[in-house]
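how would this look folded up:
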Amino acid sequence: MDARRTIVLVDDLRSFVDGRSAEVAPTSAAGVELLHRYRDGHVDELWLDHDLGGNDTIWPVVEVLERAAFEKRPFYIGVVNVHSCNPGGAAKIAQVLRNWGYRVRIASGSTDVGYLDAPTSDGHRRPA
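Numbering: from 1, shown residues only. Model (predicted):
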């Protein structure tokens, strides 16, 4: 991971097409765990997808961000990029996080992230 920039991506199917270094969480539980690792640090970019496969969504991650802001200890995040293809979900995420003072950019359709190819032996998907 690039020591100068901290990028966290919560997405079950996509990754950065330019191969930039990022910590990737494919589930909401993994996203919450990653956020907790950065609790007292800084995340330059947090990329959020809404639908994470099956019944999993980004909402547990959003709730951690909300709770921290409610407790007057928001996470230090440069920008939250919501890149979901679910327009209603993306809008709701942006509305909630902006309400708590986070800087949010709706990045649906962003060419920065792309779909991954076939699953590997561990069941995860890797960039094409």
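
flag the shaky bits of this protein, pLDDT-wise.
Along the chain, the model assigns pLDDT under 70 to residues 1-3, 116-128.

where do the helices of the protein begin and end?
When assigned using DSSP state H, the helices of the chain occupy the ranges 28-37, 59-70, 87-99.

and the strands in this protein?
7-10, 14-16, 23-25, 42-48, 76-82, 104-106, 113-115 (DSSP state E).

would you mark the buried spots in the fourth one?
In other words, strand 42-48. Of the residues in strand 42-48, those with enough neighbours to count as buried (16 or more other CB atoms under 10 Å) are Val43, Glu45, Leu46, Trp47, Leu48. For glycine as for every other residue, the C-beta is placed from the backbone atoms N, C-alpha and C.

test my guess that the first one contacts Val79.
Translated: Val43. No: counting by CB atoms under 8 Å, Val43 stays clear of Val79, with 9.2 Å between them.

what's Gly31 in contact with, if anything?
Gly31 is in contact with Val8, Val10, Ala25, Leu48, Ile58, Pro60, Val61, counting by CB atoms under 8 Å, 6 or more residues apart in numbering.

I'd like to know how far it sits from Arg98.
19 Å (CB to CB, to the nearest Å).

ditto for Asp56
Taking CB to CB, one finds Asp56 at 23 Å from Arg98.

what's the span of stretch 24-32 from first residue to last?
11 Å (CA to CA, to the nearest Å).

again with stretch 55-74
27 Å.

circling back to that earlier point, among the contacts of Gly31, give me the pair with the biggest separation.
Greatest spacing in these, by CB to CB: Val8 and Pro60 (14.5 Å).

higher neighbour count, the two?
Between Val8 and Pro60, counted using other CB atoms under 10 Å, the more crowded position is Val8 (23 against 16).

find the nearest non-adjacent residue to Val24, please.
Spatially, and ignoring its direct neighbours in sequence, Val24 is nearest to Leu9 (4.9 Å; CB to CB, 6 or more residues apart in numbering).

since that was my last question, I'll sign off now.
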